[in-house]
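>>> model this:
(one chain, ligands or ions: 1)
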Amino acid sequence: GAGPGPAAAARPLPYEAIPRSGRNAWLSLYRLFQRFHLVMQRNFQRLGPIYRETIGTYNCVNVLLPRDAAQLFQSEGIFPRRMGIESWIAHRQLRNHKCGIFLLNGEEWRSDRLILNKEVISPAGTRKFLPFLNAVAQDFVTLMHRRISKNTRCSLTIDLYGDLFRFTLEGSSYALYGERLGLLEESPNAESQRFISAVETMLRTTLPLLFIPPGLMRWVNTKLWRDHIEAWDTIFKHADKCIQNIYQEFCLGQPRKYSGIMAELLMQAELPLDSIKANITEFTAGGVDTTAMPLLFTLFELARNPSVQTAIRREIAEAESQGPRELSKVLNSMPLLKSALKETLRLYPVGITVQRYPTKDVVLQNYCVPAGTLCQVGLYAMGRSPEVFSNPERYDPLRWLSKEDNSFKALAFGFGARQCIGRRLAETEMMLFLMHVLRNFRIDTVSKADIKTVFGFILMPEKPPLLTFRPID
Ligand SMILES: C[C@@H](NS(C)(=O)=O)c1cncc(N2C(=O)c3ccc(Cl)cc3C2(C)C)c1
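Below is the predicted model of the structure:
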């Protein structure tokens, strides 16, 4: 008769069989501070492409291979969900503010998100705010020239940290409110400077509060909680002032031409004012550090990879030589520059994981993961895994332009309907900044050694690198 039947398909193993990181719940909590991305990377090296852990009160499954990320996203349902941030929600309740889409879930999230998509992430919306970001990028170059002309040597070596925050806040505020804050002038105004440090304080105090239940947090460390709330109040006060300015003008008569995302949302009147305020506040605060960090890392990598820097400068010159065209076309004709940003986000992913709660049981690495289990894709570990990227330590933008299958490898902005809504704003802002800066300056760095990174709710350098700008005549 016929030989033995087909080998029984390997039945998925039970959840309990998933290798377990030996850290006890509270020790893993402690490790969360600052080294979270490195702890995950080492766990994957020790335990393999899937492992589970208990962080504080959460059970969580971690994966790093693209095909497991794809499998996870396939089961996210129409209301994808991430872990909430209790301390942020606690602040909104304390001050009776509505939540923006980052903190909403289910139907509430979806209805706000679909309305916001049209102005914030759609190609049509992007084309409208693109010229605003271009003006700010050009002003940054003017600021650098002015600084260089002030000193005798024909170059400038500085820590760009503060300037990059001012650039991204100036850019996102102009796109959001249609107003210039004047942060790239000689004396940036103090109120905006206070807002920038409030965002930094809020992000820094978010990390320790991430897993302490809100009820406990008020007592466990009042200074931490008070600083957190104070920073939030400063953020909301700043955003409210900007919104009031627009709202007054708007009531006096509808502006004839495009004047930013906020004005468009007011005009459409599809979102109630308090929802517009909640989301615009999230975008204002969420548009500063998230975009400034990848710019700093890109400049550093281009400084220590001069041949890549030269190739990109040639591509920019080539794109410009095709005569005056619509800016979006110019940006689309610089694939190497766009790949450099992907390469930066591979090595330095601002959000170091993407989280989902699968709505149905999912099989990951042949293990059965029950619906509702918190799952994370370790972006930092994936970006540096030799199983996913050849020579992962090499900064090589060309890897993204090869015929290789890169699907589910560029996840720095997340995935699907719940991906980063600021993606186009951030990508456009960074592309325009780098186009203008690289066309005007050669970038060099004092030390070529790797930058150590710390996780402070966003991934950032332990010490900002010193960069040298030399004008190109
Ligand atoms: C770093 C990464 N974390 S993530 C979303 O991948 O886990 C991230 C990506 N895009 C945006 C953010 N935001 C902020 O920084 C931020 C600050 C203040 C407020 Cl009111 C809202 C935000 C958001 C969540 C927009 C954060």
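>>> make it CA atoms for all contacts and neighbour counts henceforth
Will do.
>>> what is the mean pLDDT for stretch 355-375?
For stretch 355-375, mean pLDDT rounds to 97.
>>> for the ligand, give me its nearest residue in the stretch 51-200 of the chain.
With CA to the nearest ligand atom, the shortest gap between the stretch 51-200 of the chain and the ligand falls at residue 102, namely 5.5 Å.
>>> for that residue, give me the pLDDT.
97.
>>> need the contact list for it.
residue 282 (CA atoms under 8 Å, 6 or more residues apart in numbering).
>>> show me what the lengthiest helix in the chain is packed against.
Using DSSP state H to define each element, the chain has its longest helix at helix 222-252. Applying 3 or more CA pairs under 8 Å, 6 or more residues apart in numbering; DSSP states H and E, we find helix 222-252 packed against helix 161-177, helix 190-209, helix 261-268, helix 273-286.
>>> residues from the stretch 301-450 of the chain in reach of the ligand?
350-351, 420 (CA under 6 Å from any ligand atom).
>>> circling back: ok, the longest helix of the chain near the ligand or not?
No: figure legend: helix 222-252 not in contact with the ligand (CA under 6 Å from any ligand atom); closest approach 8.0 Å.
>>> return the set of buried residues in that helix.
224-225, 227-229, 231-236, 238-240, 242-243, 246 (16 or more other CA atoms under 10 Å).
>>> quick one on the thing from earlier: most neighbours per residue, which of the helices and strands packed on helix 222-252?
Neighbour counts (mean count of other CA atoms under 10 Å) averaged over each of those peak at helix 161-177, with a mean of 24.
>>> how about it and the ligand, touching?
No: Helix 161-177 stays clear of the ligand (CA under 6 Å from any ligand atom), getting no nearer than 12.0 Å.
>>> what's that helix packed up against?
helix 123-150, helix 190-209, helix 222-252, helix 261-268, helix 273-286, helix 289-304, helix 423-440.
>>> ok, and the closest non-adjacent residue to residue 334?
residue 315 (6.3 Å; CA to CA, 6 or more residues apart in numbering).
>>> ok, now which ones touch that neighbour?
Residue 315 touches 334, 336-337, counting by CA under 8 Å, 6+ apart.
>>> next SSE downstream of the helix or strand encompassing it?
Remark: residue 315 resides in helix 306-321, with elements defined by DSSP states H and E. The helix or strand immediately downstream of helix 306-321 is helix 327-332, counting by DSSP H and E.
>>> next, the angle helix 423-440 makes with the next helix or strand after that next one.
The element immediately downstream of helix 327-332 (helix or strand, assigned by DSSP H and E) is helix 335-347. Going by axes from the mean of the first three to the mean of the last three CA atoms, to 10 degrees, helix 335-347 is angled at 120 degrees with respect to helix 423-440.
>>> just the terminal-to-terminal distance for stretch 206-226.
Taking CA to CA, to the nearest Å as the measure, stretch 206-226 stretches 12 Å from start to finish.
>>> hang on, I meant stretch 447-456
Using CA to CA, one end of stretch 447-456 lies 24 Å from the other.
>>> report the rounded mean pLDDT for it.
Stretch 447-456 comes out at a mean pLDDT of 93.
>>> residue 456 reaches residue 209, doesn't it?
No: between residue 456 and residue 209 there is no contact under CA atoms under 8 Å: 11.4 Å.
>>> separation between the closest residue to residue 396 other than its chain neighbours and residue 414?
Nearest residue to residue 396, sequence neighbours excluded (CA to CA, 6+ apart): residue 343, at 6.9 Å. According to CA to CA, residue 343 and residue 414 sit 15 Å apart.
>>> equivalent analysis for residue 443, please.
Taken as CA to CA, the span from residue 443 to residue 414 is 30 Å.
>>> circling back to that earlier point, pick out whichever of residue 343 and residue 414 has more residues nearby.
residue 343 (24 against 20; other CA atoms under 10 Å).
>>> count of residues packed around residue 151?
Residue 151 sits with 10 neighbouring residues when counted by other CA under 10 Å.
>>> do the same with residue 18
Neighbours around residue 18, by other CA under 10 Å: 20.
>>> so who does it touch?
Counting by CA under 8 Å, 6+ apart, residue 18 has contacts 50-52, 367.
>>> now tabulate those in CSV and tack on distance to residue 326 and neighbour count.
Below are the contacts of residue 18 laid out as CSV (distance: CA to CA, whole Å; neighbours: other CA atoms under 10 Å):
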residue, distance to residue 326, neighbour count
50, 46, 21
51, 48, 21
52, 49, 23
367, 50, 17
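>>> farthest pair within those?
52 and 367 (11.1 Å; CA to CA).
>>> okay, and whatever residue of the stretch 351-473 of the chain ends up closest to the ligand sits in which element?
Per CA to the nearest ligand atom, residue 351 is where the stretch 351-473 of the chain lies closest to the ligand, at 3.6 Å. Assigned by DSSP H and E, residue 351 belongs to no helix or strand.
>>> that one touches residue 458, doesn't it?
Yes: counting by CA under 8 Å, residue 458 is a contact partner of residue 351 at 5.8 Å.
>>> for residue 107, find the nearest of the helices and strands packed on helix 222-252.
helix 273-286 (14.2 Å).
>>> just want the angle from that closest one to helix 190-209.
90 degrees.
>>> which helices and strands does helix 273-286 pack with?
helix 161-177, helix 222-252, helix 261-268.
>>> TSV please, covering the ones you listed and showing mean pLDDT and distance to residue 401.
Shown next, in TSV, are the helices and strands packed on helix 273-286 (pLDDT from 0 to 100; distance: least, CA to CA, whole Å):
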stretch	mean pLDDT	distance to residue 401
helix 161-177	94	28
helix 222-252	87	40
helix 261-268	91	33
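>>> which stretch among the ones you listed comes nearest residue 384?
Closest approach to residue 384 among the helices and strands packed on helix 273-286 (CA to CA): helix 161-177, 24.9 Å.
>>> could I have that closest one exported to CSV, CA atoms only?
Extracted in CSV, the C-alpha atoms of helix 161-177 (Å, rounded to 0.1, in the frame of the first residue of the first chain):
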residue,chain,number,x,y,z
TYR,A,161,21.3,68.9,20.2
GLY,A,162,19.6,72.2,21.1
ASP,A,163,19.5,73.5,17.6
LEU,A,164,17.9,70.4,16.2
PHE,A,165,15.1,70.6,18.9
ARG,A,166,14.5,74.2,17.9
PHE,A,167,14.5,73.2,14.2
THR,A,168,11.9,70.4,14.6
LEU,A,169,9.7,72.5,16.9
GLU,A,170,9.8,75.4,14.5
GLY,A,171,9.0,73.1,11.6
SER,A,172,6.2,71.1,13.2
SER,A,173,4.6,74.3,14.7
TYR,A,174,4.7,76.0,11.4
ALA,A,175,3.0,73.0,9.7
LEU,A,176,0.5,72.7,12.5
TYR,A,177,-0.4,76.3,13.3
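>>> pick out whichever of the contacts of residue 315 sits closest to residue 311.
For the contacts of residue 315, the nearest to residue 311 is residue 336 (8.1 Å; CA to CA).
>>> contacting residues for the closest one?
312, 315, 397-398, 401.
>>> and if you look at residue 459?
293, 348-352, 453.
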